[in-house]
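Visitor: turn this into a model:
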Amino acid sequence: MKHGKKYNESAKAVDRTKLYESDEALALACQNAKAKFDETIEVHVRLGVDSRHADQQVRGAVVLPNGTGKKVRVLVFCKEDKEEAAKAAGADYVGGADLVDRIVKENWLDFDVCVASPDMMGVVGKAARILGPRGLMPNPKAGTVAPDVAKAVTEAKAGKIEYRLDKTNIIHCPIGKASFGADKLSQNFDTLLEAIVKAKPAAAKGTYIKSCVVASTMGVGIPVSTVKYGV
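Guide: Residues are numbered from 1 along each chain as shown. The predicted model follows:
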């Protein structure tokens, strides 16, 4: 694959044989973010588990202390008695069967997070084939199926992100924008890594975190040491 001049310049600044401390790696990622837009800083963590086994799944959600820098559009499925609270918390769309019908019939997906009260999951399930593949289906492990929908909305707006394994046993997560600077990104990085370590399945054997890399949207992957997290 042929890369551009800026990417090649950034690549020269990264020693691929070195494991950088997280704050140094994030500072370098910010330095290498030279696109005309505010690049997202992403974390990619390869785990020593097998996602094909139910007892080795790693999935959860965590509120980043400094948010993600992205405006999050939240849709809430709830009964009428909770609608006002959801709107007051900042929900962009609130409803029930009407919104499910719109998703199913119009393939409407102008939102980033779906929250649902437990008593609505029977209705929401009708849109599962559309929401599921896009990672939008409300889920208790992600905190998006909750009796207190207002609290769930507040957390989503504040920078709550979901982490989960893909088919290659890697977790991919955004932790903020290059404009945040290394200090704020380091706080977000530590919060995410601590949550992933805490979510280690009992069935996981051997080395849990195989590798960790940070990179800006258009930038070079920078290897990060995870020794300080005890794995």
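Visitor: please count neighbours and contacts with C-alpha atoms only from this point.
Guide: OK.
Visitor: any buried residues in the helix or strand where Ile103 lies, and which?
Guide: Element membership for Ile103 (DSSP states H and E) is helix 97-106. Of the residues in helix 97-106, those with enough neighbours to count as buried (16 or more other C-alpha atoms under 10 Å) are 99-101, 103-104.
Visitor: could you dump the longest helix seen in the chain to PDB, C-alpha only?
Guide: Counting by DSSP state H, the longest helix found in the chain is helix 182-198. C-alpha atoms of helix 182-198 as PDB (Å, rounded to 0.1, in the frame of the first residue of the first chain):
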ATOM      1  CA  ALA A 182      -1.200  14.100  25.700                       C
ATOM      2  CA  ASP A 183      -2.300  14.800  29.300                       C
ATOM      3  CA  LYS A 184      -6.100  14.400  28.700                       C
ATOM      4  CA  LEU A 185      -5.600  11.600  26.300                       C
ATOM      5  CA  SER A 186      -3.400   9.800  28.900                       C
ATOM      6  CA  GLN A 187      -6.200  10.000  31.400                       C
ATOM      7  CA  ASN A 188      -8.700   8.600  29.000                       C
ATOM      8  CA  PHE A 189      -6.200   5.900  27.900                       C
ATOM      9  CA  ASP A 190      -5.600   4.800  31.500                       C
ATOM     10  CA  THR A 191      -9.300   4.600  32.200                       C
ATOM     11  CA  LEU A 192      -9.900   2.400  29.200                       C
ATOM     12  CA  LEU A 193      -7.000   0.100  29.800                       C
ATOM     13  CA  GLU A 194      -7.900  -0.300  33.500                       C
ATOM     14  CA  ALA A 195     -11.500  -1.300  32.500                       C
ATOM     15  CA  ILE A 196     -10.200  -3.800  29.900                       C
ATOM     16  CA  VAL A 197      -7.900  -5.400  32.500                       C
ATOM     17  CA  LYS A 198     -10.700  -5.500  35.100                       C
END
